[in-house]
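Participant: turn this into a structure:
(one chain, ligands or ions: 1)
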Amino acid sequence: MTEAAYTTKGLTKVYGEGRSAVHALRGVDLEIPAGEVIVLLGPSGSGKSTLLNIIGGLDRGTEGLVQFRDQRLDEMKDAELTRYRRNHVGFVFQFYNLMPSLTARENVELVTEIAADPMDPDEALALVGLKERTDHFPAQLSGGEQQRVAIARAIAKQPDVLFCDEPTGALDSQTGRSVLRVLADVNERLGSTVLMVTHAASQAQMADRVIHFADGDIREIVENRKKLAPEEIEW
Ligand SMILES: Nc1ncnc2c1ncn2[C@@H]1O[C@H](COP(=O)(O)OP(=O)(O)OP(=O)(O)O)[C@@H](O)[C@H]1O
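Facilitator: Residues are numbered from 1 along each chain as shown. Modelled structure (predicted):
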C-alpha cells in the first residue's frame with residue numbers, strides 16, 4: 001500500500017449542544033492512500049461534507065485524531081491549520097465561488113500570489129482547457145467553464161490533495177464529464193490525491209476507491225478493480 005495521505009481515528013463531530021446536538025460524525029476510522037481518486041457516496045446529511053471540511057482543515061472535529069502524513073491536524077493552532085490549507089490543499093465546490101469583477105487569470109492569481117510553490121496561472125488555465133479564455137470575466141463564461149476556472153484556481157498551487165464537493169452538481173452531463181476529465185488529469189499529471197463527494201453514484205466508477213457513508217460513519221470501502229475513464233461513465 002502507498003503512503004497514507006490521511007488517517008483518522010475515532011473522529012467525531014457534534015454540532016450544537018444538549019437536545020439540539022447533531023452527531024454528524026460518529027467515530028470515523030479511516031486511512032486514505034496518497035495519489036488516489038477517492039469518491040465519497042452517501043445519503044444527504046450522512047456527514048460527507050463534514051468529513052471533507054475537517055480533513056481539509058476548514059473545520060475541526062469534536063474529538064479524535066486527524067492526521068495528514070505525519071502531521072496532527074487536530075493538534076494544530078489556527079495559524080498552522082491555515083498554513084496547511086494554503087500549502088497542501090485545493091478546494092472545488094458545487095458553486096464556483098469566483099470573484100465576478102476579476103478575469104479568469106486574476107481569479108487564479110488570487111491563489112498563486114500566496115502559495116508556496118505555484119504554477120503559472122496561464123499554465124493552470126491551459127491545463128483545464130481555457131488557454132483562450134484567460135481574460136474573460138466569469139459572466140462571460142459558461143457554467144462548465146467557470147467550474148474549470150475554479151479547478152484551475154485550486155490546482156495552481158500544485159496541491160497534494162484536491163477536495164471536490166459536488167463539483168458537477170450544477171452541470172449537465174456533457175459538461176460534467178469534461179470537468180471530471182480535468183480532475184482525472186490533475187490526479188494523473190500532478191499526482192494529487194483527489195477526494196470527491198458526489199450524489200451521482202455512477203461517478204464512483206472513475207475512483208480507485210469508493211467510501212460509502214451512512215449516518216455519520218463509514219459503512220463500506222470498495223476498491224474499484226476496473227476504473228473507468230470519465231468519458232465512459234453512464235450519467
Ligand atoms: N454548521 C452546522 N450546524 C449544525 N448542523 C450541521 C452543520 N453542518 C452540518 N450539520 C448537520 O450535520 C449532518 C451532516 O451534514 P453534512 O453536510 O456533513 O452531510 P452530507 O452528507 O455532506 O450531506 P449532503 O449530501 O446533503 O451535502 C447533517 O445532519 C447536517 O444537518
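
Participant: how about the residues of this structure by the ligand?
Facilitator: 15, 16, 22, 24, 42, 44, 45, 46, 47, 48, 49, 50 (C-beta under 6 Å from any ligand atom). Bear in mind the C-beta positions are built from the backbone N, C-alpha and C, glycine included.

Participant: spatially central, which residue of the protein would that be?
Facilitator: By C-alpha atoms, centre = their mean, the mean C-alpha position of the chain lies nearest to residue 163, the distance being 1.0 Å.

Participant: what's near enough to touch that one?
Facilitator: 52, 55, 56, 89, 90, 91, 92, 195, 196 (C-beta atoms under 8 Å, 6 or more residues apart in numbering).

Participant: what do you get for residue 7?
Facilitator: 30, 31, 32, 65, 66, 67.

Participant: dump those residues to CSV, plus pLDDT and neighbour count.
Facilitator: Listed next are these as CSV, based on pLDDT from 0 to 100; neighbours: other C-beta atoms under 10 Å:
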residue, pLDDT, neighbour count
30, 96, 18
31, 95, 13
32, 95, 19
65, 98, 15
66, 98, 23
67, 97, 18
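
Participant: just checking, which of those residues belong to strands?
Facilitator: 30, 31, 32, 65, 66, 67 (DSSP state E).

Participant: can you name the two of those that are farthest apart?
Facilitator: Maximum pairwise distance among the ones in strands among the contacts of residue 7 (C-beta to C-beta): 13.6 Å, between 32 and 65.

Participant: is the residue nearest to residue 85 when sequence neighbours are not counted in a helix, a strand, or coil?
Facilitator: Closest residue to residue 85 apart from its sequence neighbours, by C-beta to C-beta, 6 or more residues apart in numbering: residue 57 at 4.4 Å. Secondary structure assignment for residue 57 (DSSP: H, G, I helix; E, B strand; the rest coil): coil.

Participant: show me what contacts residue 57?
Facilitator: 73, 81, 82, 84, 85, 89.

Participant: can you give me the buried ones in the host helix or strand of the second one?
Facilitator: Going back to what we said before, that points to residue 81. Taking DSSP states H and E as the definition, residue 81 sits inside helix 78-88. Of the residues in helix 78-88, 81, 84, 85, 88 count as buried by neighbour count, 16 or more other C-beta atoms under 10 Å.

Participant: would you mind listing the buried residues in the lowest-mean-pLDDT helix or strand in the chain?
Facilitator: Least confident helix or strand of the chain, by mean pLDDT, DSSP states H and E, is helix 173-190 with a mean of 88. Buried residues in helix 173-190, counted by 16+ other C-beta under 10 Å: 175-187, 190.

Participant: ok, those vs the ligand, which is closest?
Facilitator: Closest approach to the ligand among the buried residues of helix 173-190 (C-beta to the nearest ligand atom): residue 176, at 16.8 Å.

Participant: okay but the closest one is in contact with residue 235, surely?
Facilitator: Yes - at 7.0 Å, residue 176 counts as touching residue 235 under the criterion of C-beta atoms under 8 Å.
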